[in-house]
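Student: sequence and predicted structure, then a few things I'm wondering about:
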Amino acid sequence: MNAKIESFSGNLIEFRDVSYHINDIPGRAVISGVSLAVPLGETLVLLGRSGSGKTTLLRLINALYLPSQGEVLVEGRPTAEWDVIRLRRGIGYVIQEAGLFPHFTVAENVGLVPSLEKWDRQRTTARVGELLRLVGLDPAEFADRHPRELSGGQRQRVGVARALAADPAILLMDEPFGALDPVTRTELQKEFKALAGRLQKTIVFVTHDLREALLLASRIVLLDTGRIAAVAPPQEFLRMDHPEVRAFVASLGAVPGAPV
Amino acid sequence: MNASPSYWSFFAEHRAEILGATADHMMLVVIAMLIAMAIALPLGMLIVERPALRALSMGIANIFQTIPSLALFGLLIPIPFIGGIGRRTAIVALVLYALLPILRNTYVGLSGIDPAVLEAAEAMGMTSAQILFRVRFPLALSVILAGIRTATVITIGVATIAAEIGAGGLGTFVFRGVALVSDSLILAGAMPAALLALLSDCLLGLLERRLRVA
């Protein structure tokens, strides 16, 4: 899949006038009229309140949902036309609870997509070791542990390693650091920013935390009740006067003494 | 009861018959359990995504489970092909009894899995079959096994009563003992049946704990 991606020059992900209704009932639109292009190598942050549709937008990319109207293109091809299994194996996915398989060891979790892709054992083991080191876990110490023997932060690290296993061009992350304590969260955000800079992946990252968005994003997309309210790079975003943008910026100042 | 000394001598004298009846009893249970599992395990997988079929199949299995065992034997006897006196009717009844615990636990085990785990599995590009056999099934295994354990213990018990309709097994001694007012004869059936139930409960319980994923 990578060879194909490298030769791909347009937008890696593109939303064309996409609407999504639960059970195809038009009155219950979760996403309405979203058009958005994500070029190769961008870290796009989807920001919004709970229920704004950011997670739904993310799940439209790997065809966990299919659009009710319009189309979502990945590598220029509508998700409805993709073989969903092939599409998803080429897209890394990290979620808040990590969603690690409790009956697999760390190594088996990280090596899942390679094993589905029928890599030989040697190559998988080497790749798992490489990835664990990449996310700051010593393979000798962690490879044979089960998820229940890990802290929340370690589990998220494994989640990121698992998502990167087959070297996908796209990484989707749904509030991956949301359930962590503030200190661990800040550590992981900083490490992830450095990692993202080195890996050159196209990343779509969902959060409700403006601070996190400002740290990680090359562009911020603000969603409000299923529509795009604003799109801008971080510094520009802070100066916009859209009311929903102001509401988020005001939330930064809500912590006494916090730097804005 | 003052039965102990005479029981042991009775057991020694009739060792071959008692062991034979125990083997018959176990055969009855094993055949019934294999058939019940062959029906309830796939059905349990099927009803995870089908609420209408779930209500129907659980309802039917629940009805069989609720009918008293002797009454169920009585109801089966007049039915052509599966009915009549003998082993075959007994096996049908035992299968009907064993269905509900296996079916219910298969469904509960398969459907009670952390949604985040299933979402991750789907998003990583696992096919439905891979999700079923590599994620749902291993995670549900200890719950399913608990159902098999319950069903086995019930089947060992009901199989004792099945002697009443000519199925053979350890119940034969119990009923004959009651008729002849012989404690030794009753115990010759009751003790091995009780041991069999306790032993299978214990062994399957151990297996269940080993397979549990914390």
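Tutor: Arrived safely, thanks for sending.
Student: other SSEs contacting the helix or strand where B:T22 lies?
Tutor: Assigned by DSSP states H and E, B:T22 falls within helix B:15-46. Helix B:15-46 is packed against helix B:51-66, helix B:87-111, helix B:137-161, helix B:171-180, helix B:183-211, with contacts defined by 3 or more C-beta pairs under 8 Å, 6 or more residues apart in numbering or on different chains; DSSP states H and E. C-beta coordinates here come from the backbone N, C-alpha and C atoms, glycine included.
Student: who touches the first one?
Tutor: The set of residues that contact helix B:51-66 without belonging to it, under C-beta atoms under 8 Å, 6 or more residues apart in numbering or on different chains, is B:40, B:43, B:46-48, B:72, B:96-97, B:99-101, B:103-104, B:107.
Student: mind listing what's buried in that helix?
Tutor: Using 16 or more other C-beta atoms under 10 Å in any protein chain shown as the test for burial, helix B:51-66 gives B:R54, B:S57, B:M58, B:A61, B:Q65.
Student: equivalent analysis for the last one, please.
Tutor: Going by neighbour count (16+ other C-beta under 10 Å), the buried part of helix B:183-211 is B:183-190, B:192-193, B:196-197, B:200, B:204, B:208, B:211.
Student: and stretch A:54-71, by the same measure?
Tutor: In stretch A:54-71, counting by 16+ other C-beta under 10 Å, buried: A:54-65, A:67-71.
Student: circling back: ok, so of the buried residues of helix B:51-66, who is nearest chain A?
Tutor: Each of the buried residues of helix B:51-66 was scored against chain A by C-beta to the nearest C-beta, and B:R54 proved nearest at 20.4 Å.
Student: buried residues of the strand or helix carrying B:E119, list them for me.
Tutor: Element membership of B:E119, judged by DSSP H and E, is helix B:115-123. Using 16+ other C-beta under 10 Å as the test for burial, helix B:115-123 gives B:V117, B:L118, B:E119, B:A120, B:A121, B:E122, B:A123.
Student: check contacts around the closest residue to A:G99 other than its chain neighbours.
Tutor: Using C-beta to C-beta, 6 or more residues apart in numbering or on different chains and skipping the chain neighbours, the partner closest in space to A:G99 is B:A120 (3.1 Å). By C-beta under 8 Å, 6+ apart, the contact list for B:A120 reads A:Y93, A:I95, A:A98, A:G99, A:L100, A:F101.
Student: so which of those belong to strands?
Tutor: A:Y93, A:I95 (DSSP state E).
Student: return the member of the contacts of B:A120 nearest to B:I85.
Tutor: A:F101 (51.5 Å; C-beta to C-beta).
Student: sec struct for the spatially closest residue to that closest one that is not a sequence neighbour, please.
Tutor: Closest residue to A:F101 apart from its sequence neighbours, by C-beta to C-beta, 6+ apart: A:N109 at 5.6 Å. What DSSP: H, G, I helix; E, B strand; the rest coil gives for A:N109 is helix.
Student: A:L171: which element?
Tutor: Counting by DSSP H and E, A:L171 is found in strand A:170-174.
Student: give me the residues contacting that strand.
Tutor: By C-beta under 8 Å, 6+ apart, strand A:170-174 touches A:12-13, A:55, A:58, A:61-62, A:74, A:90-96, A:163-164, A:201-206, B:123.
Student: that older thread, let me see the confidence value for the residue nearest to A:F101.
Tutor: The per-residue pLDDT reported for A:N109 equals 96.
Student: chain B contacts on the stretch 1-150 of chain A?
Tutor: A:62, A:64, A:84-91, A:93, A:95-103, A:112-113, A:116, A:146, A:148 (C-beta under 8 Å from any C-beta of the partner chain).
Student: show me which of these are buried.
Tutor: Buried among the residues of the stretch 1-150 of chain A next to chain B (16+ other C-beta under 10 Å): A:62, A:64, A:84-85, A:87-91, A:93, A:95-103, A:112-113, A:116, A:146.
Student: now, which of those lie within helices?
Tutor: Among these, the ones falling in helices (DSSP state H) are A:V84, A:I85, A:L87, A:R88, A:R89, A:L112, A:V113, A:L116.
Student: what's the closest non-adjacent residue to the second one?
Tutor: It refers to A:I85. With sequence-adjacent residues excluded and distances taken as C-beta to C-beta, 6+ apart, A:I85 is closest to B:G125, at 4.9 Å.
Student: show me the contact partners of the helix or strand harbouring A:A196.
Tutor: Using DSSP H and E, A:A196 sits in helix A:182-199. Residues outside helix A:182-199 that contact it (C-beta under 8 Å, 6+ apart) are A:43, A:134-136, A:151-153, A:156-157, A:160, A:164, A:176-178, A:180, A:203, A:212, A:215-216.
Student: mind redoing it with 10 Å?
Tutor: A:41, A:43, A:94, A:134-136, A:151-154, A:156-157, A:160, A:164, A:167, A:171, A:173, A:176-181, A:201, A:203, A:205, A:207, A:209, A:211-212, A:215-218 (C-beta atoms under 10 Å, 6 or more residues apart in numbering or on different chains).
Student: contacts only, for B:F10.
Tutor: By C-beta under 10 Å, 6+ apart, the neighbours of B:F10 are B:A3, B:I18, B:S182, B:D183, B:S184, B:L185, B:L187, B:A188.
Student: mind checking how far the spatially closest residue to the last one that is not a sequence neighbour is from A:S35?
Tutor: Meaning B:A188. Nearest residue to B:A188 in three dimensions, chain neighbours excluded: B:F173, at 4.5 Å (C-beta to C-beta, 6+ apart). Distance, B:F173 to A:S35, by C-beta to C-beta, to the nearest Å: 81 Å.
Student: more crowded one of these two?
Tutor: Between B:F173 and A:S35, counted using other C-beta atoms under 10 Å in any protein chain shown, the more crowded position is B:F173 (26 against 11).
Student: so who does the more buried one touch?
Tutor: B:F173 touches B:14, B:17-18, B:21, B:160, B:163, B:182, B:184-193, counting by C-beta under 10 Å, 6+ apart.
Student: let's see 6 Å
Tutor: Counting by C-beta atoms under 6 Å, 6 or more residues apart in numbering or on different chains, B:F173 makes contact with B:L185, B:A188, B:G189.
Student: and B:L72, by the same measure?
Tutor: B:A93.
Student: same deal with B:V158?
Tutor: B:S69, B:L94, B:Y97.
Student: where does the prediction get shaky in chain B?
Tutor: B:1-5, B:214 (pLDDT under 70).
Student: interface residues of it facing chain A?
Tutor: B:A116, B:V117, B:E119, B:A120, B:A123, B:M124, B:G125, B:T127, B:P138, B:L139, B:V213, B:A214 (C-beta under 6 Å from any C-beta of the partner chain).
Student: gap between the third one and A:E244?
Tutor: By that I understand B:E119. 28 Å.
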